[in-house]
Structure formats: structure tokens, C-alpha cells
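Engineer: Dropping a prediction and its sequence here:
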Amino acid sequence: MTGLRDAPAGATARYEMVVGLEVHVQLRTRTKAFCGCDTTYGAPPNVNTCPVCLALPGALPALNREAVHLAMRAAHALGCTVNPVSIFARKNYFYPDLPKGYQISQYDKPLALGGRLEIGDGAAARTVGITRVHMEEDAGKSIHDRYPGATAIDLNRAGVPLIEIVSEPDMRSSADAVAYLDALKQLLEYVDVSDVTMEEGSLRVDANVSARPHGATTLGTKTEVKNMNSFSGVQRALEAEFERQCALLDRGRRVEQQTMLWDGGKNEVRPARSKEGSHDYRYFPEPDLPPLLLDQQWIIAVRDELPELPRARRARFARDYGLAGADVRVLTASVALADYFEATAKAHGEAKAAANWVMGEVLAALNAANQSVAAFRITPAALARLLDLVRDGVVSHSAAKRVFALMVETGDPADRVAEREGLMQVRDDDELARWVDDVLTEHPAEAERFRAGEKKLLGVLVGLVMKKSKGRADPRRINQLLSERAGG
């Protein structure tokens, strides 16, 4: 990092940030893009390799059909036009973890062009254009901290199938960029093309960022920022690079087109190399692969097999279930959670109650166990049955929370837990009256104020009765009995 880290006061306010993102996404295939090697994450170094991905002489690539299928799903979900003819090309560069000395990618004739992704909701909604979606293979991985003074190479990732999703420079802030990444990650999860896990390298982001004076229409000189391993890292890196560029421009200096590396520990960017242009990679058609010819019927069939996408599902949940926007966003955060809520709501019949329990107790239990909803032992039908018991007055709401906790612990159904634990709601007036009288006797000051007309104490006294009954008392009947004691 240069000495220009601190921009003059107000410098960033005089400029507008312009951001475009290049997102590399590993496709969810069992084998690599051009060979039969396993793609499983976490295998010992260099075991998932063969003559093709090691680039041994005479080894020829063969395209993975499922990778093409998943790439088309992603392209359709982004509203792109899938080209019936696309060309694989050799992208030539020389890194130790690139055994061929080139990467099989696509250049002037990519898989798909011209999509869009909406970010934000309501008045804050905006559209980011998608320039292209193209297929390529991954490189290996250089490991710098395994052996002192040496770099180790792991080629397990070499040849893993990727798509690169290139956006238009339509984002105007680091917050826009994070909103775009959140929306893109969710969309790719919904269409089930990738794990999109940054920690495992199945989603990686390079950011092109430039600064220009407010009101300008031409783009400034861009830099590319790499080495960001979280969405928060992307946001911080963009802010740091934008601030650096603003400081340069405010001092009358020129921004150089170069690649910058983000150092999250130091919260700064530093130059890595001058930014390559396409001519530096000496692209030419891959001679070992014919043009990728896609049957129009297959293209249409892949488009038609797409599930309901996130924005459409949010709109339907708001419309059909009468849920607020904030609730809808939580419930549709993942396909699995949306499916779980919807199955519960249909089985129980009351969407708002189902939503409250899924957003409350269910998510709390999942977070506490660091568990996915797909592995949750309480099925939607089992949760719906518990909600039925609450609605029908068989168990109180407070007792239901205890029943739920025991269902999580044991896997037993709600009826069995409630009966075994003595949590069925008591409606016998004699027993309820005894609990009410005990509470009034044990809290004479509150009882006297309540009888004197301090009605706000009703909720306090009901709570004390519920506590004494261990959640088994019928709260509606308790309200009535207490009101009778006060002459109401």
C-alpha cells in the first residue's frame, strides 16, 4: 500500500464508486470438467488427479455434460440468452499451479449473454446487468505456509468445472456489491448448481472498482481487487481501494490499471501486478475440443425445469400468506427453510403462527446446534401438530415451548411429550381457582392494588399463575377468574 491510505477530508464525498464483479462459481458435479476425477473437497493433496488434469502429453479433454447442464441452469436463472454455439478457448498464462500453462475457458463466444439480477426490495430495488456467463476449468492451489521457504502445489482443484458470472459496472457502493453477492448466492442455491461456499472456494469474487467525479458519465481507470474470502471482506476491500483512488485523484495523480491484493489483517490493499488485458492471455480456440453445440430443445427444457426463484417466492409468500416483508425475507433465505415453513403452514392451516415458530424456536434450535433445517429432527408435520395443540387449547403457549424443546431432544411427537410431562392444559375451574387464590395470597400488595382497580397488574398476576401451574393453566380462563376476583 502506498502512503495515500488517508484521503484528504471529504475526498471520497467528491467521487462516485463504480463496481463490477466477476464471480467464479464451482458447479456441483461429481467429476471434473474434462476428466473423470473426483471433485470432493478436502481430499489429501494431489489424489484427485489423472493424466488429463496433470496435463501429461497426449491426454485429451472430454467435456462433462452435467457441467453444461448446471451452467445453463445458472444462465437461465439470471435471465441470460444461452447461445446454441459457444467456443472453448485457451487462456494462456504461467503460474506454478496451472500445469498446462493455459486454462480452458471461453472468450469471444461464451455460453450465455445479457442477463440481469435485481437487488434490494421496494424503493431500494435496482437492477444489475449481467454481461456474460461462461464456462471454464479451475487451476490448482499454491500453498505457501506448509513448508518453510517453499511453496507446495495441490492439483486436486485443477480441472474442477466453474462458471464465471461477469456483471456490468452497475453498482455504486460497497453495500450494492454485497447486496448483489447475497442475491446471487441465494439464486444459485435455489437452482441447485453450486454449494456457493467461500470457505471451500466454491464461490470466489474479483472486484473491478473505479472512482469518478459525481455527475461524470465516463468510467474512471479501474483496478481489480483479489484475495477476498468473505462478503464482509469484499465490502472492506472496496472501501479501502476506493479511498486509495480518491486520494490519488484529489492530489492530481493518475490511477494505474493494476491488480490489487486485499490484506484483511491490515485492512489495506497492495499492488500485485499490472492489470492484464485480453490480449495478454493470447486467447485462441481450444484445438482439442469442438464447438459446444446445444440443441434448442435442450436449452428450452433446462429453462423450463427451473424451480420458483427467490424473488417470485417472496412475492407469493407475501401475497398468499399475508406476511410482512421482513418475515418473508427470513423465511425465504434458503430453499430448505422456505419449504419447511410452507409445509408447516399447510399442515397447520395458520401461516402466521407457523411463521412465528419457524423464525423463532426453529431457527434458534438450528443455530444452537449449528444444524441445517434439512437435518432437523422435528418435521413440518410434527411442528404443525404442536401448533394444533396450542390453537385447540390443549397446551398453553408457554408449555408448548417446553414441549418443543423436549421434541428437539428426544424426537418424540408433541402429544406424547405433553402427556408424559404433565403439560396438558388444565381447564378445571376448581384447580385453576386454587392457583389464582394461592397467587393472590402470596402477593398481597399486588392483589390489593389489583382489587383497587390497577388493571395493568392483570398481566403480571396471570404470569404468576402460569408460573405456579408450570404453564398448564388455561390463560384465558385465568384472566376471567382474576377479573372476577377484582369485581370486573
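Structural biologist: Sure, I can see it.
Engineer: For the longest helix along the chain, buried residues please.
Structural biologist: Longest helix in the chain, counting residues (DSSP state H): helix 231-250. For helix 231-250, a neighbour-count test (16 or more other CB atoms under 10 Å) marks 231, 233-250 as buried. C-beta coordinates here come from the backbone N, C-alpha and C atoms, glycine included.
Engineer: Then stretch 159-172?
Structural biologist: Quick answer for stretch 159-172 (16+ other CB under 10 Å): Gly159, Val160, Pro161, Leu162, Ile163, Glu164, Ile165, Val166, Ser167, Pro169, Asp170, Met171.
Engineer: check which helix or strand covers Ala211.
Structural biologist: If you go by DSSP states H and E, Ala211 is part of strand 203-213.
Engineer: For that strand, name the packing helices and strands.
Structural biologist: Applying 3 or more CB pairs under 8 Å, 6 or more residues apart in numbering; DSSP states H and E, one finds that strand 203-213 contacts strand 15-26, helix 174-190, strand 223-228, helix 231-250.
Engineer: any idea of the mean pLDDT for it?
Structural biologist: Across strand 203-213, pLDDT averages out at 96.
Engineer: Tell me what angle it forms with helix 174-190.
Structural biologist: 150 degrees (axes from the mean of the first three to the mean of the last three CA atoms, to 10 degrees).
Engineer: who does Ala89 bridge with?
Structural biologist: Beta bridges link Ala89 to Ser105, Pro285, judged by DSSP bridges.
Engineer: And for it, the neighbour number?
Structural biologist: 24 (other CB atoms under 10 Å).
Engineer: moving C-terminal of the helix or strand Arg116 falls within, what's the next helix or strand?
Structural biologist: Per DSSP H and E: Arg116 is located in strand 112-119. Moving toward the C-terminus from strand 112-119, the next helix or strand (DSSP H and E) is strand 126-137.
Engineer: Report all helices and strands that that next one contacts.
Structural biologist: Using 3+ CB pairs under 8 Å, 6+ apart as the test, strand 126-137 ends up in contact with helix 65-77, strand 102-106, strand 112-119, strand 161-167, helix 174-190.
Engineer: Pick the most deeply packed of these.
Structural biologist: Neighbour counts (mean count of other CB atoms under 10 Å) averaged over each of the helices and strands packed on strand 126-137 peak at strand 161-167, with a mean of 24.
Engineer: Could you tell me which strands sit next to it in the sheet, and their orientation?
Structural biologist: strand 15-26 (antiparallel), strand 126-137 (antiparallel).
Engineer: ok and the last one relative to strand 112-119, angle-wise?
Structural biologist: Between strand 126-137 and strand 112-119, the angle comes out at 140 degrees (the same axes, to 10 degrees).
Engineer: Tell me the spacing between the nearest residue to Asp121 once chain neighbours are set aside and Met359.
Structural biologist: Distances taken as CB to CB, 6 or more residues apart in numbering put Gly325 closest to Asp121, at 6.4 Å, once the chain neighbours are dropped. Relative to Met359, Gly325 is positioned 13 Å away (CB to CB, to the nearest Å).
Engineer: These two: which is more packed in?
Structural biologist: Legend: neighbour count by other CB under 10 Å for Gly325 and Met359, higher for Met359 (17 against 12).
Engineer: Which per-residue confidence value corresponds to the more buried one?
Structural biologist: pLDDT, Met359: 98.
Engineer: Then the one 10 residues further on?
Structural biologist: Predicted confidence (pLDDT) at Ala369: the value is 95.
Engineer: Now it: phi and psi?
Structural biologist: For Ala369, the backbone dihedrals are phi -90, psi 0 (criterion: degrees, to the nearest 10).
Engineer: Kindly tell me how buried it is, as a neighbour count.
Structural biologist: Neighbours of Ala369 under the rule other CB under 10 Å: 12.
Engineer: same deal with Thr151?
Structural biologist: Quick note: Thr151 (other CB under 10 Å) scores 12 neighbours.
Engineer: So it lies in a strand, does it not?
Structural biologist: Yes - assessed by DSSP: H, G, I helix; E, B strand; the rest coil, Thr151 belongs to a strand.
Engineer: What residues does it make contact with?
Structural biologist: Pro96, Ser142, Ile143, His144 (CB atoms under 8 Å, 6 or more residues apart in numbering).
Engineer: Please name the residues that touch the first one.
Structural biologist: Pro96 makes contact with Ser142, Thr151, Ile153, according to CB under 8 Å, 6+ apart.
Engineer: host element of it?
Structural biologist: Using DSSP H and E, no helix or strand contains Pro96.
Engineer: What does the pLDDT read for it?
Structural biologist: If you check Pro96, the pLDDT there is 90.
Engineer: can you check the second one too?
Structural biologist: Listed pLDDT for Ser142 reads 91.
Engineer: isn't it right next to Tyr95, touching?
Structural biologist: Yes - here Ser142 reaches Tyr95: they are 7.4 Å apart, a contact under CB atoms under 8 Å.
Engineer: which secondary structure elements does the strand holding Arg116 contact?
Structural biologist: By 3+ CB pairs under 8 Å, 6+ apart, strand 112-119 packs against helix 65-77, strand 81-82, strand 126-137, helix 174-190.
Engineer: Could you dump those into a markdown table and include mean pLDDT and distance to Val408?
Structural biologist: Below are the helices and strands packed on strand 112-119 laid out as a markdown table (pLDDT from 0 to 100; distance: least, CB to CB, whole Å):
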| stretch | mean pLDDT | distance to Val408 |
| --- | --- | --- |
| helix 65-77 | 98 | 35 |
| strand 81-82 | 98 | 45 |
| strand 126-137 | 97 | 40 |
| helix 174-190 | 97 | 25 |
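Engineer: of the ones you listed, which approaches Arg14 most closely?
Structural biologist: helix 174-190 (17.2 Å; CB to CB).
Engineer: Strand 223-228 and the longest helix of the chain, what's the angle between them?
Structural biologist: 150 degrees.
Engineer: starting at the chain centroid, how far to helix 231-250?
Structural biologist: The chain centroid and the centroid of helix 231-250 are separated by 24 Å, computed with CA atoms, centre = their mean, to the nearest Å.
Engineer: Which strands and helices lie in contact with it?
Structural biologist: Right, helix 231-250 is packed against strand 15-26, helix 174-190, strand 203-213, strand 223-228, strand 258-263, strand 268-274 by 3+ CB pairs under 8 Å, 6+ apart.
Engineer: on that earlier part again, let me know the closest of the buried residues of stretch 159-172 to Thr127.
Structural biologist: Nearest member of the buried residues of stretch 159-172 to Thr127, counting by CB to CB, is Asp170, at 7.3 Å.
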